[in-house]
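Peer 1: Have a look at this fold, sequence not included:
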């Protein structure tokens, strides 16, 4: 953990390389260790009835957790999700991005655990809440 | 629940309409109520290191649960996921489809709960295991 | 939801009746809807190595969720847990009570979802984090 | 993993030492690695309405997972739960023991993941389903 913490620009570059197909964008790296990641909402993300598809929010939660961990430990491409649990709370808006705020609950040597609140951009009440665990390579 | 159960062709049509962007395909509807859904694996599904991305498997689990419910209750477009929990167990193969087998643990009036095993096609040992809950509209 | 909200004393009485065997005590009902519930730690709660047993913390999380819901909707004895997910983060202290702070993420007509942080009393860093769902009777 | 696998009698002894307060009993160790653990149901386990309390089933799930792991890796007292997720499916019977059948989904060097079906004794349909993860000490 003696590596310098990566900047927002470095993490953004890494995200483009690691998940070239992702549409998630890193928006904020906060001093307390939390991160904000967003995903656009358009035709491809909507289901009939005008709701954002669950997989879009699961993807967003997973990427937010990953970035929050990398923001702390440095860019370690081999960290992998071992568990993710998500509660869908309310119907997101069809006309706004979905935005995830993630903070870590634990950063151990082998496992990191974080929680993620997902909002329709500009709203106060979460549309989903996730927790997830990543396994961190020992010999990083 | 007096509706006739949909056929594989009817569910496939519905899936294309409801999730037009999905690459999941319905492979089997079994007599015991379980269903098999597959997702191709190619460049878009892989992360560096040659592993299938977590969101692909979460998407597959979510679609498999949805189809397993519709296979029982008939095509009810307004069923929504309320919770999904997934454990990633092993690295999937980069050169095979991922295949989900889902069966329902409970089909109540308001909630359905199911479990999903995900495999690299042709392998015996699961690469992920998920459970999920869908809320079913009351006045279906 | 037109019932007056119960007081701490009323909820404490109810808890003793509903869970006569529980050792959980309701400590706070906060204005923002969060509640604090505690559980003593003694010989019966410890495992070899001096750690508080997982089931004690799961029990505490479940009771905290239940009380947080009743604090909002009034005393409805038939609410039942449908799902609980808990991450154990750190070893709790053997010489302090465990204390749970719960707040609701959603209070719908049919389902309530909440999250719970568990601490060793007096510490800042959580030892566990749980989320749970209760099903609420329709005709309350 | 070169240790001989423990017998049912050895695991029963260990359980009494590790969880002296537990009322869980180990019933079966099966050749395929699954285990069966039971918990009595009496006044102390029931809630008003005649349902078995959630914490009893969470405790049973946790113990079943622990025993299933020890049955494979030998008696390692320092394994700890890192995550447990449980779905409550149906009301258990008030007049029968609850019985858990657990099998491991993964047994890695650092993490073991298992799933647990809980039944009212003698019934075919599960009353709850859990998955859980244990962290295994490296230098066992």
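Peer 2: Looks like it came in fine. Worth saying up front: this structure is predicted, and the values here are computed from it rather than measured. Numbering: from 1, shown residues only, chains lettered A, B, ... in the order given.

Peer 1: Just the angle for the longest helix seen in chain A relative to helix B:54-73, thanks.
Peer 2: For chain A, the helix with the greatest residue count under DSSP state H is helix A:54-73. With axes from the mean of the first three to the mean of the last three Cα atoms, to 10 degrees as the basis, helix A:54-73 and helix B:54-73 are set at 150 degrees to each other.

Peer 1: Pull up the pairing partners for the helix or strand that helix A:54-73 is followed by, direction included.
Peer 2: Read in the C-terminal direction, the helix or strand following helix A:54-73 is strand A:80-88, with elements assigned using DSSP states H and E. Take DSSP bridges as the rule and strand A:80-88 pairs in its sheet with strand A:128-135 (antiparallel), strand B:80-88 (antiparallel).

Peer 1: chain center to strand A:80-88: distance?
Peer 2: On the basis of Cα atoms, centre = their mean, to the nearest Å, strand A:80-88 sits 11 Å off its chain's mean C-alpha point.

Peer 1: quick one: contacts for the spatially most central residue of chain A?
Peer 2: Among the residues of chain A, the smallest C-alpha distance to the mean C-alpha position (Cα atoms, centre = their mean) belongs to residue A:64, namely 1.1 Å. Shown in contact with residue A:64 (Cβ atoms under 8 Å, 6 or more residues apart in numbering or on different chains): A:24, A:35, A:36, A:37, A:100, A:101, A:102, A:114, A:116. C-betas here are computed from N, CA, C, even on glycine.

Peer 1: Dump those into CSV; add neighbour count as well.
Peer 2: Conversion of the contacts of residue A:64 to CSV gives the following (neighbours: other Cβ atoms under 10 Å in any protein chain shown):
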residue, neighbour count
A:24, 22
A:35, 28
A:36, 18
A:37, 28
A:100, 28
A:101, 19
A:102, 27
A:114, 28
A:116, 27
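
Peer 1: mind showing which ranges of chain A have poor pLDDT?
Peer 2: Chain A contains residues with pLDDT under 70 at A:1-3, A:139-140.

Peer 1: what about 50?
Peer 2: A:1 (pLDDT under 50).

Peer 1: near chain C, which residues of it?
Peer 2: Neighbours of chain C within chain A, by Cβ under 8 Å from any Cβ of the partner chain: A:85, A:87, A:89, A:90, A:105, A:106, A:113, A:115, A:126, A:129, A:131, A:133.

Peer 1: Make JSON lines out of the residues you listed and add distance to residue C:53 and neighbour count.
Peer 2: JSON lines is the format used below for the residues of chain A next to chain C (distance: Cβ to Cβ, whole Å; neighbours: other Cβ atoms under 10 Å in any protein chain shown):
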{"residue": "A:85", "distance to residue C:53": "22", "neighbour count": "26"}
{"residue": "A:87", "distance to residue C:53": "26", "neighbour count": "26"}
{"residue": "A:89", "distance to residue C:53": "31", "neighbour count": "19"}
{"residue": "A:90", "distance to residue C:53": "35", "neighbour count": "16"}
{"residue": "A:105", "distance to residue C:53": "20", "neighbour count": "19"}
{"residue": "A:106", "distance to residue C:53": "19", "neighbour count": "19"}
{"residue": "A:113", "distance to residue C:53": "20", "neighbour count": "24"}
{"residue": "A:115", "distance to residue C:53": "24", "neighbour count": "24"}
{"residue": "A:126", "distance to residue C:53": "31", "neighbour count": "21"}
{"residue": "A:129", "distance to residue C:53": "26", "neighbour count": "21"}
{"residue": "A:131", "distance to residue C:53": "21", "neighbour count": "27"}
{"residue": "A:133", "distance to residue C:53": "21", "neighbour count": "24"}
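
Peer 1: Serialize those to a markdown table and add fields for distance to residue D:57.
Peer 2: Below are the residues of chain A next to chain C laid out as a markdown table (distance: Cβ to Cβ, whole Å):
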| residue | distance to residue D:57 |
| --- | --- |
| A:85 | 18 |
| A:87 | 20 |
| A:89 | 25 |
| A:90 | 29 |
| A:105 | 25 |
| A:106 | 26 |
| A:113 | 24 |
| A:115 | 25 |
| A:126 | 29 |
| A:129 | 24 |
| A:131 | 21 |
| A:133 | 23 |
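
Peer 1: Assign a three-state SS to residue A:49, would you?
Peer 2: Here residue A:49 is recorded as coil under DSSP: H, G, I helix; E, B strand; the rest coil.

Peer 1: count of neighbours near it?
Peer 2: Counted with other Cβ atoms under 10 Å in any protein chain shown, the burial measure for residue A:49 works out to 11 neighbours.

Peer 1: Got the phi and psi for it?
Peer 2: In this entry, residue A:49 is assigned phi and psi values of phi 100, psi -10 (degrees, to the nearest 10).

Peer 1: who touches it in this structure?
Peer 2: Each residue near residue A:49 by Cβ under 8 Å, 6+ apart is listed here: B:77, B:78.

Peer 1: any idea how far residue A:102 is from it?
Peer 2: According to Cβ to Cβ, to the nearest Å, residue A:49 and residue A:102 sit 27 Å apart.

Peer 1: again with residue A:78
Peer 2: Separation of residue A:78 from residue A:102 (Cβ to Cβ): 20 Å.

Peer 1: Could you do residue A:132 as well?
Peer 2: Going from residue A:132 to residue A:102 by Cβ to Cβ gives 9 Å.

Peer 1: okay, and the common contacts of these two?
Peer 2: Overlap between the contact sets of residue A:132 and residue A:102, as judged by Cβ under 8 Å, 6+ apart, is given by A:61, A:65, A:114, A:116.

Peer 1: so the third one bridges to which residues?
Peer 2: To tie it back to what came earlier, the one meant is residue A:114. Under DSSP bridges, the beta-bridge partners of residue A:114 are residue A:104, residue A:132.

Peer 1: Now do the contacts for the closest residue to residue A:7 other than its chain neighbours.
Peer 2: Spatial nearest neighbour of residue A:7, chain neighbours left out: residue A:29 (7.6 Å); criterion: Cβ to Cβ, 6 or more residues apart in numbering or on different chains. Residue A:29 makes contact with A:7, A:8, A:11, A:35, A:71, according to Cβ under 8 Å, 6+ apart.
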